[in-house]
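Asks: Quick one, what's the 3D model for this:
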Amino acid sequence: MSNNDFGLRHYPEDPSLLFRDDGLAYPYEAYILGPDGLGADVVVFGECGRACGFSETRVLPRKKHIAVRGGGTVRFQFQSVCEHWHGARRGRVRPYVILLCVKGVDGRKDEHLPFQTNGKAWWVDVPARELGAPGQTISAMFVKTMGEREGGGVSVQEYKAAKGKMGMSFGGVAAWELV
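Replies: Numbering: from 1, shown residues only. Here you go, the predicted model:
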């Protein structure tokens, strides 16, 4: 990760130790508001970067808070650390099934929506009102194991066929708060 990307997630006690490419040393208040001044960024769990090859800085939506009453559609998306990253070639497992865990229109329905992928990006579009109710948290997770099988390389169809019929474990990808 570049120094600029690292500085988006970590703030040193001494701002002169930001080591940005442009040499900028900004105050803690600016760090808290984020690069666009709109508030806290989405919570991205480190495990997904190591297992799935996601870049923490290439996550949509970027902000932690998502408005659910305004209507429209929200795109959730993750991208690889770079266009050349390929887990199978690096001795890692094949891509994981990524799921978005939403709460439904009234906030009382748990649903796991699979992301689509082209191997470099993962995405799912959801109407904002179907994400859940204000005050709830939604998350994205990956299928870590399915039965005795490693989750890498499991297809969405295999996941759907096994759901509720065998044990599974999941790893965290990201979490958002609904407002």
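Asks: Can you give the contact residues for stretch 118-125?
Replies: Contacting residues not belonging to stretch 118-125 are listed as 73-80, 83, 86, 95, 98, 100, 113-117 [CB atoms under 8 Å, 6 or more residues apart in numbering]. From N, CA and C alone the C-beta is placed, and that goes for glycine too.
Asks: Just give the number of residues close to H10.
Replies: Each residue near H10 was counted by other CB atoms under 10 Å, and the total is 8.
Asks: change the start of the numbering to 20 and stick with it
Replies: From this message on, residue numbering opens at 20, which makes the last subject H29.
Asks: Y45 and V62: what is the separation?
Replies: Distance of Y45 to V62, computed by CB to CB, to the nearest Å: 22 Å.
Asks: now P31
Replies: Distance from P31 to V62, by CB to CB: 21 Å.
Asks: Please apply the same query to G172.
Replies: G172 is 27 Å from V62, by CB to CB.
Asks: any idea how the protein splits into domains?
Replies: 20-56, 59-197 (automatic domain parsing).
Asks: In TSV: those, plus mean pLDDT.
Replies: Listed next are the domains of the chain as TSV, based on pLDDT from 0 to 100:
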stretch	mean pLDDT
domain 20-56	70
domain 59-197	84
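Asks: Highest mean neighbour count out of these?
Replies: Ranked by mean neighbour count, the domains of the chain are led by domain 59-197 with a mean of 16 (mean count of other CB atoms under 10 Å).
Asks: which non-adjacent residue is nearest P34?
Replies: Sequence neighbours aside, A44 is the residue nearest to P34 in space, at 4.2 Å (criterion: CB to CB, 6 or more residues apart in numbering).
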